[in-house]
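> requesting a structural model of the entry that follows:
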Amino acid sequence: MAGVYLTLSLLLSCSLAVAVEIQRPRGVSLSNRHFYDQSKPFTCLDGSRTIPFDRVNDDYCDCKDSSDEPGTSACPRGNFHCTNAGHRPQYIPSSRVNDGICDCCDATDEYNSGSVCENTCKELGRKEKEILQQRAAVAQQGFLVKQQLIDEAKKGQEEKRRKLAELQESKDGKEDELEALRTVKEAAEAPEKEAKDQHHKVWEEQKAALQLEKDKARMALAFLELDDNADGLVSVEELQTHLELDPDSDGTLTEPEAQTMLGEAPQVDQTAFQDIVWASIKDKYQSETEPETPPQPETPQDPPRERLPEEEGEEEEDDEEEDVEDEDIDAEEDDKIPPVVSQTEKPEKEEEMPPYDAETQALIDAAQKSRDTFDEAEKGLRDLEEQIRSLEKEISFDFGPSAEFSYLYSQCYELTTGEYVYRLCPFSRVTQKQKFGGSETNLGTWGSWAGPEDDKYSVMKYEQGTGCWQGPNRSTTVKLSCGTETAVVSTSEPSRCEYQVEFTTPAVCQEPKDQDPGSHDEL
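Modelled structure (predicted):
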């Protein structure tokens, strides 16, 4: 930005300068004039040789560094200096001298080509002066905005540090409060657990006793069913009548197998049946009072019977009456038919645990209340810790020498092009999305400041974006320039998967330099 003011100073002061032409060979700049003294031989600027001065600009290249032909095209590596009074001086390759094309705005490069070149330096100088004045005005205004940003950033940083200290102090108090609530919760849960365990224990004992009674009743029923002769004993022959008890599932219950089930006794009474036999057969035994439900066979349809001639007339007469009667009968039968019970349904509903007694329920309610209070306090502490982490992260960011870039944090700026919408979220990431739908593509997440050593904060680097097909991960370079507005002004992809974003912000505007009224053009 200092260059803008220096150039502007040159342009503004040229009108005040006294036009005094200093004699020097054509194509030589004022700063190099002292090397070209006509009163003595010329020494090549690289010191390689010395030649008579009349061989300077004689259209023959004598010096290896081309310094003897600054005003002709004789040397391949020569440079011709355009004075360009009223505009900016410049160097052009000497090969362009007298090539018929006007390169210098003062037309001095086409002095012997026959081309008619107009001196446009004053007009170019005027236009550049206007541009530089506009840039200077933008820089001035932008710098004022930057000063406001710095003041706001300073206040913001102080406020964040104060808030962070408050949150840290609050966190310590909430941690102590949480530990106290944990103690209360554990104290309430201990009698709750003891009461619930006792309730469950009693219920399990009741279920076991009930199951034992059911098992005894089923055993007694099985004993009575097996005791076919009602002599109070179950014999081998009587046991063999229940083939479902076959241990090897070969379809027969042999006498030795039945003998083994009876404990090698020929017959057992009910007590021995309960102690010795029942445990080994109860899972297979099928009660005679609860027969296994066979699958319902499909009802075969009777083949159509040929009707006799006399029957046809009777059937025709009764058709109308039967139609009405059938509707009534069908409705009645629908009411009488019992619902079909799926065989997959459980035959018995599992016993439900009885509700807790009032004392146990009161302990459960008290413990749940303490848990709810503890959970709410724990969530509050987690939210507080998240706020602390977020503030610490924000405070730790490098927002510039005076934190002038801090206002960009948590903000996003978009630019819509013909096909895409680009979104830059400083210190976060850059994304690209198709204009008419589709998912976002990550063009890179915040990496670091990447400007040159003397202008570090002029470039941002975003890295490790979405990978390209058979290529590297996408990355974006954001170039910052001075502007009164904060905006994304252009995007491009100079290399595959490497994007470039032009971004204006007042945060990079530099303080204007004082103009030097003594500067003037070379004449």
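> what residue lies at the spatial centre of this protein?
Centroid-nearest residue in the chain: residue 442, 8.9 Å away (criterion: CA atoms, centre = their mean).
> quick one: secondary structure of it?
Assigned by DSSP: H, G, I helix; E, B strand; the rest coil, the conformation of residue 442 is strand.
> tell me the bridge partners for it.
Beta bridges link residue 442 to residue 431 when assigned by DSSP bridges.
> just checking, it touches residue 467?
No - counting by CB atoms under 8 Å, residue 442 stays clear of residue 467, with 9.6 Å between them. Placement of C-beta: from N, CA and C, glycine included.
> so where do the strands sit in the stretch 1-150 of the chain?
Assigned by DSSP state E, counting those that start in this stretch, the stretch 1-150 of the chain shows strands spanning 42-43, 50-51, 79-82, 90-93.
> could I get the buried residue list for the last one?
Neighbour-count burial for strand 90-93, with 16 or more other CB atoms under 10 Å as criterion, is recorded at residue 92.
> helices and strands around that strand, which ones?
Other elements packing on strand 90-93 under the criterion 3 or more CB pairs under 8 Å, 6 or more residues apart in numbering; DSSP states H and E are strand 79-82.
> so what touches the strand it packs on?
By CB atoms under 8 Å, 6 or more residues apart in numbering, the residues outside strand 79-82 that reach it are 27-29, 32, 66, 70-71, 89-94, 96-97, 103-106, 108-109.
> which sections of the stretch 201-350 of the chain are below the confidence cut-off?
Scanning the stretch 201-350 of the chain for pLDDT under 70 picks out the ranges 290-350.
> those strands in it, which residues are they?
Assigned by DSSP E, counting those that start in this stretch, the stretch 201-350 of the chain shows strands spanning 234-235, 267-268.
> which of those strands sits most buried?
strand 234-235 (a mean of 22; mean count of other CB atoms under 10 Å).
> partner strands of it, parallel or antiparallel?
Here strand 234-235 is paired, per DSSP bridges, with strand 267-268 (antiparallel).
> run through who's touching the partner strand.
Applying CB under 8 Å, 6+ apart, the external contacts of strand 267-268 come out as 233, 234, 235, 236, 262, 276, 277.
> what about 10 Å?
For strand 267-268, contacts defined as CB atoms under 10 Å, 6 or more residues apart in numbering pick out 223, 226-227, 231-239, 261-262, 273-277.
> helices and strands around the helix of greatest length in the chain, which ones?
If you go by DSSP state H, the chain has its longest helix at helix 121-226. Helices and strands touching helix 121-226, by 3 or more CB pairs under 10 Å, 6 or more residues apart in numbering; DSSP states H and E, are helix 2-14, strand 234-235, helix 236-239, helix 270-272, helix 278-281, helix 358-396, strand 475-482, strand 498-505.
> worst mean pLDDT across the helices and strands of the protein, which element?
The weakest-scoring helix or strand in the chain, judged by mean pLDDT, DSSP states H and E, is helix 2-14 (a mean of 43).
> was I right to think residue 370 contacts residue 180?
No - here residue 370 lies out of contact with residue 180, judged by CB atoms under 10 Å, at a distance of 11.1 Å.
> out of the two, which sits in the busier spot?
Taking other CB atoms under 10 Å, residue 370 and residue 180 do not tie; residue 370 has more neighbours (20 against 12).
> test my guess that residue 57 contacts residue 74.
Yes - judged on CB under 10 Å, residue 57 makes contact with residue 74 at a distance of 8.6 Å.
> mind checking how far the closest residue to residue 392 other than its chain neighbours is from residue 110?
Leaving aside its sequence neighbours, residue 392 sits nearest to residue 164 (CB to CB, 6 or more residues apart in numbering; 6.9 Å). Per CB to CB, to the nearest Å, residue 164 is found 69 Å from residue 110.
> equivalent analysis for residue 194, please.
Distance, residue 194 to residue 110, by CB to CB: 108 Å.
> look at those two and report which has more neighbours.
residue 110 (19 against 12).
> what sits against the residue lying closest to that one once chain neighbours are set aside?
Counting by CB to CB, 6+ apart, the nearest residue to residue 110 once its immediate chain neighbours are dropped is residue 117, at 5.0 Å. With contact set as CB under 10 Å, 6+ apart, residue 117 has these partners: 100, 101, 102, 103, 104, 105, 106, 107, 108, 109, 110, 111.
> stretch 398-407 - what's its average pLDDT?
What stretch 398-407 shows for mean pLDDT is 91.
> and that stretch, how far out from the chain middle?
Offset of stretch 398-407 from its chain centre (CA atoms, centre = their mean, to the nearest Å): 26 Å.
> may I see the buried residues of it?
Using 16+ other CB under 10 Å as the test for burial, stretch 398-407 gives 399, 400, 402, 403, 404, 405, 406, 407.
> now do it: distance from first to last residue.
12 Å (CA to CA, to the nearest Å).
> how about stretch 435-447?
27 Å.
> what touches both of residue 57 and residue 74?
What both residue 57 and residue 74 touch, as defined by CB under 10 Å, 6+ apart, is the set residue 68.
> ok, back up a step: return a ChimeraX selection command for the buried portion of the contacts of strand 79-82.
In ChimeraX, this line selects whichever of the contacts of strand 79-82 come out buried by 16+ other CB under 10 Å:
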select :27,28,29,66,70,71,89,92,94,96,97,103,104,105,106,108,109
